[in-house]
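1. pasting a predicted model and its sequence here:
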Amino acid sequence: MGKRVALVLAGCGVFDGSEIHEASAALVHLSRGGAEVKIFAPNIEQRDVVDHLKGSPAEEKRNVLVESARLARGSIQDLAELKASEFDAVIFPGGFGVAKNLAKKPIGLCCISPVLAAKVFPGCEVTVGQDKNVDGRFPDAETASAITELGCKHICKNVNESHVDKANKIVTTCAFMCKAPLHEVFDGIGTMVQEVLKLA
């Protein structure tokens, strides 16, 4: 029987919700790994809405659950209904902050969301890629120093790799924190998913 995995979304779109490619890659790799996946999102208003074409704030209001349903093809539940005891692991594509409520389960985090683990799990080990801007591929390398300032350890990894913090059951990969071809981001998310399933 496949592992039971909760995938938590935070809307639909890199600038104000979940990063679509990361969510899709995680779902593909979970499917490939034989996992039984249920998708969740909180039934709340988005903190802000961004016009992704212009890259600027929009005046409209959107609901996180409704927007996340776009990615889930309608098959989604309110995060309030998630029971940690019913799942072997949880994965957060992109960034979203409910990891604290699901401690003691393996957690997969990608892109900027490893910072959430650094805020919630003192002394944990995570990666957001490299700690130096190597050849312009890691423009957000200062995030690594922010993780260190939070009292956690940043582990340098390439985009197609992930890091496993076995003590805290946290698996992280840098995804779009690195300027890399989509297939390399996809491969890194794949290693993250595989490691989460091993820990589950």
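-> Structure's in. What do you need? Numbers count the residues shown, from 1 in each chain.
2. what about stretch 193-200, distance to the chain center?
-> Taking CA atoms, centre = their mean, to the nearest Å, one finds the center of stretch 193-200 at 14 Å from the center of the full chain.
3. got it, and stretch 182-191?
-> Chain-centre distance of stretch 182-191: 13 Å, with CA atoms, centre = their mean.
4. ok, and for it, which residues are buried?
-> 185-191 (16 or more other CB atoms under 10 Å). C-beta here means a position set from N, CA and C on the backbone, and glycine is covered the same way.
5. mind checking which of these are in helices?
-> 185-191 (DSSP state H).
6. which two of the residues you listed lie the greatest distance from each other?
-> V185 and T191 (11.2 Å; CB to CB).
7. check which element follows the worst-scoring helix or strand of the chain on mean pLDDT along the chain.
-> When the helices and strands of the chain are scored by mean pLDDT, DSSP states H and E, strand 49-51 comes last with a mean of 87. Scanning forward in sequence from strand 49-51 by DSSP states H and E, the next helix or strand is strand 56-58.
8. which strands or helices does that next one pack on?
-> Applying 3 or more CB pairs under 8 Å, 6 or more residues apart in numbering; DSSP states H and E, one finds that strand 56-58 contacts strand 49-51.
9. okay, now the sheet partners of the strand it packs on, with direction.
-> For strand 49-51, the paired strands and their directions (DSSP bridges) read strand 56-58 (antiparallel).
10. chain center to the strand it pairs with: distance?
-> Offset of strand 56-58 from its chain centre (CA atoms, centre = their mean): 23 Å.
11. just stretch 51-58 next, same as before
-> Stretch 51-58 has its C-alpha centroid displaced from the chain centroid by 22 Å (CA atoms, centre = their mean).
12. same check, this time on stretch 186-199
-> Distance, centroid of stretch 186-199 to centroid of chain: 12 Å (CA atoms, centre = their mean).
13. what's next to it, contact-wise?
-> Residues from elsewhere that reach stretch 186-199, judged by CB atoms under 8 Å, 6 or more residues apart in numbering: 3, 5, 21-22, 25-26, 28-30, 32-33, 35, 89, 91, 93, 106-110, 157-162, 164, 166, 169, 171-175.
14. if you set the cut-off to 6 Å instead, what comes out?
-> Stretch 186-199 has contacts (CB atoms under 6 Å, 6 or more residues apart in numbering) with 3, 25-26, 29-30, 33, 89, 106, 108, 110, 159-160, 162, 164, 169, 171, 173.
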